[in-house]
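Undergrad: 3D model of this:
(one chain, ligands or ions: 1)
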Amino acid sequence: MAIMLTPVLKNDLAAQAIDHCIFPIIDAAEVKRDGPAIVASGTGLTIIDGAGKPHLDMISAYTRANSLGYGNQEIARAMYDQMVKMHYAGTVSIVTEPMVQLARSLAELTPGKLSRAFFVSGGSEAVESAVKIAKQYQVGSGKKPHAYKIISRWNAYHGATAGAMALTNHLSVANTPDPAMPGVSKIPNPSCYRNPFGMAEDEYFEFCANYLEQQILHEGPELVAAFIGEPVMQANGTQIPSKAYWQRVREICSKYGVMLIIDEVICCFGRTGAWFATEHFGIEPDIMTMAKALTAGYAPMGAVMTTEAIADAIPHFRHVHTFSGHAGCAAAANAVIAIKKREGLIDKAYDNGVYFLAALKDKLTDLPSVGDIRGIGHWHAVDFTSNKKTKALPEPRMVKAIADKMKSLGVLVGAAGTAIEVAPGLIATREDFDRTVDAFKEAIVAIAKDYEIAAA
Ligand code: PMP
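TA: Okay, the predicted model is just below:
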């Protein structure tokens, strides 16, 4: 994990940070050696770092949360107005106007019969809450009184708390020697471009969906409470499965009474050019999680949605978080939704995605190190290879070096395994996308020549 902004070591703030902060998912020695990146300010899509250097943020603060850029006064003012009136007054059976308004909006925006919201402080808590809803529904409704198993997928990312971490397949957040939450098993994920069995893409998607049925039968359908998956996955860059994949998964879950949890934490609120990525696949989840772009990064908040039938079958929801439904956070989310609606940003994101994909393909397809280019909305990936014919893995240092080179050209993107992702806020313009394509080409040409790439 690299520090992507300009690291600063000989600086008071950096020294104090090293003395007093714990840094996540990075080698501690690396931060001590190079210093952390200091972020001073930001406007629109531009971040100014501690060295005074501007960066065009084409990766939404790396986490994909910042979907409306920096310094948005409308959101900040909505939060301020709410906070001085009533910021927080407890959570058990206590509601505020912005919280209820947000729950109503989510019921309107989410697909299918999802109509009941439970609010949390982020993505991992949303996933934990979703799992508890699924289990308490299966037991509370009497449908599966002993169900405790959850099926997840290879390469999944669902969070860093104990339960979410068990569903995740990423060593970056695992307590390596710890036994994880019992009852979790993982099946192959529908990865694009290359898969471990060398199958054609559609054939592999079908195999992955059918695998779910075999796994449910293997685990014992009466014990399987839920299946969880991200509609579009991040691992190795923007993995967009087919509509047929998700439709088959929906069919299998319904057949065996397995709750379908769609984890929209990274996809929600326009990332894929739809309010929710689930819409692209025409399915209705039983439970859906969201966070990140819910508040565009202005406040820590997530939510889990379910249907009236599922919520009503849980006689007493044994779960709570202190900051559930925080009024200041809800005010931020309401302002974010209002802006995205008013400016038509979701449809614009879809159109921008079509434009950007064509531009990337036009300029990069012929480069020998480029294996695949894919994406939708404001979320694209250029997947690298060291041999176009065999799709052999790229040298990991090359992928990181290309991302670093783009950073030196003033454009922030994110390395994701074999790929580099571009995922800017919804305010990115065509000029921002054009600049990114040019930086991409310049960086790949400059870096790839130092690595062994088979002739195309
Ligand atoms: N689910 C998905 C799909 C995510 O991408 C993430 C965060 N990257 C999470 C859950 C966990 O969210 P958080 O970091 O807010 O706990």
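Undergrad: per-residue confidence averaged over stretch 384-398?
TA: When pLDDT is averaged over stretch 384-398, the result is 96.
Undergrad: with stretch 185-203 instead?
TA: Taken as a whole, stretch 185-203 carries a mean pLDDT of 97.
Undergrad: please apply the same query to stretch 419-433.
TA: Taken as a whole, stretch 419-433 has a mean pLDDT of 98.
Undergrad: now the end-to-end length of that stretch.
TA: Here the two ends of stretch 419-433 are set 18 Å apart, with distance taken as Cα to Cα, to the nearest Å.
Undergrad: what of stretch 293-309?
TA: Between the opening and closing residues of stretch 293-309 we find a distance of 27 Å, counting by Cα to Cα.
Undergrad: identify the residue nearest Gly71 in space, chain neighbours excluded?
TA: Once its chain neighbours are removed from consideration, Gly71 has its nearest residue in Thr43; the separation is 4.5 Å (Cβ to Cβ, 6 or more residues apart in numbering). The C-beta positions use only the backbone N, C-alpha and C, and glycine is treated the same way.
Undergrad: nope, Thr295 is what I meant
TA: Skipping the residues right next to it in sequence, Thr295 comes nearest to Ala332 by Cβ to Cβ, 6+ apart, at 4.3 Å.
Undergrad: next one: stretch 101-116 to chain centre, how far?
TA: For stretch 101-116, the separation from the chain centroid amounts to 20 Å (computed by Cα atoms, centre = their mean, to the nearest Å).
Undergrad: buried sites along that stretch?
TA: Of the residues in stretch 101-116, those with enough neighbours to count as buried (16 or more other Cβ atoms under 10 Å) are Leu102, Ala103, Ser105, Leu106, Leu109, Thr110, Pro111, Lys113, Leu114, Ser115, Arg116.
Undergrad: out of the residues you listed, which one sits closest to Asn210?
TA: Minimum separation from Asn210 among the buried residues of stretch 101-116 (Cβ to Cβ) is found for Pro111, which lies at 24.0 Å.
Undergrad: returning to what we had before: and for the residue nearest to Gly71, the neighbour number?
TA: Thr43 has 12 neighbouring residues, counting by other Cβ atoms under 10 Å.
Undergrad: going forward, count from 753.
TA: Okay, residue one is now 753; in that scheme the one you just asked about reads as Thr795.
Undergrad: part of a strand, is it?
TA: Yes: with DSSP: H, G, I helix; E, B strand; the rest coil as the criterion, Thr795 is assigned to a strand.
Undergrad: is Lys895 in a helix, a strand, or coil?
TA: At Lys895, secondary structure determined by three-state DSSP is coil.
Undergrad: should've said Lys938
TA: Three-state assignment for Lys938 (three-state DSSP): strand.
Undergrad: contact partners for the residue in the stretch 803-952 of the chain positioned nearest to the ligand?
TA: Closest approach between the stretch 803-952 of the chain and the ligand, counting by Cβ to the nearest ligand atom: Gly875, at 2.1 Å. Applying Cβ atoms under 8 Å, 6 or more residues apart in numbering, one finds that Gly875 lies in contact with His910, Gly911, Ala916, Asp1015, Val1017, Ile1018, Thr1041, Ala1043, Lys1044, Gly1054.
Undergrad: do you know how far it is from Ala1026?
TA: Spatial separation of Gly875 from Ala1026 under the definition Cβ to Cβ, to the nearest Å is 19 Å.
Undergrad: residues in contact with the residue nearest to Ser994 when sequence neighbours are not counted?
TA: The shortest distance from Ser994 to any residue other than its chain neighbours is 4.8 Å, reached at Phe957 (Cβ to Cβ, 6+ apart). Applying Cβ under 8 Å, 6+ apart to Phe957 gives the contacts Pro942, Pro993, Ser994, Ala996, Tyr997.
Undergrad: return the subset of the residues you listed lying in helices.
TA: Secondary structure assignment (DSSP state H) places Ala996, Tyr997 from the contacts of Phe957 within helices.
Undergrad: skipping its backbone neighbours, what lies nearest the residue nearest the centre of the chain in space?
TA: With distances taken as Cα atoms, centre = their mean, the chain has Ile1018 as the residue nearest its mean C-alpha position (2.1 Å). Using Cβ to Cβ, 6+ apart and skipping residues adjacent in sequence, the residue nearest Ile1018 is Arg816, 5.3 Å away.
Undergrad: ok, the one you found - how many residues close by?
TA: Look at Arg816: counted by other Cβ under 10 Å, it has 24 neighbours.
Undergrad: try Leu1164
TA: The number of residues packed near Leu1164 is 22, by other Cβ under 10 Å.
Undergrad: wait, it sits on Ile799?
TA: Yes: judged on Cβ atoms under 8 Å, Leu1164 makes contact with Ile799 at a distance of 7.5 Å.
Undergrad: which of the residues in stretch 800-818 are buried?
TA: The neighbour-count criterion (16+ other Cβ under 10 Å) identifies 800-802, 807-818 as the buried residues of stretch 800-818.
Undergrad: tell me the one among those nearest to Ser1076.
TA: For the buried residues of stretch 800-818, the nearest to Ser1076 is Ala817 (19.0 Å; Cβ to Cβ).
Undergrad: show the average pLDDT along the helix or strand hosting Gln888.
TA: Assigned by DSSP states H and E, Gln888 belongs to helix 875-892. Per-residue pLDDT over helix 875-892 has a mean of 98.
Undergrad: tell me which helix or strand comes right after it.
TA: Heading C-terminal from helix 875-892, the first helix or strand you meet, by DSSP H and E, is strand 901-905.
Undergrad: picking up where we left off before, am I right that the residue nearest to Thr1047 is in a helix?
TA: Yes: Ala1084 sits within a helix when classified using three-state DSSP.
Undergrad: shouldn't Ala886 be in contact with Ala978?
TA: Yes: the pair Ala886 / Ala978 is scored as a contact, 3.8 Å apart, by Cβ under 8 Å.
Undergrad: re earlier: quick one, the helix holding Gln888 and strand 901-905 angle?
TA: Using axes from the mean of the first three to the mean of the last three Cα atoms, to 10 degrees, the interaxial angle of helix 875-892 with respect to strand 901-905 works out to 140 degrees.
Undergrad: buried ones in helix 875-892?
TA: Those would be 875-892, for helix 875-892 by 16+ other Cβ under 10 Å.
Undergrad: need the contact list for Lys784.
TA: In this structure, Lys784 makes contact with Ile770, judged by Cβ under 8 Å, 6+ apart.
Undergrad: quick check, it in a strand?
TA: No: inclusion of Lys784 in a strand is not indicated when three-state DSSP is applied; the result is helix.
Undergrad: and it, how far from Lys1143?
TA: For Lys784 relative to Lys1143 (Cβ to Cβ), the value is 38 Å.
Undergrad: before we move on, what about Gly1049?
TA: Using Cβ to Cβ, we find Gly1049 at a distance of 35 Å from Lys1143.
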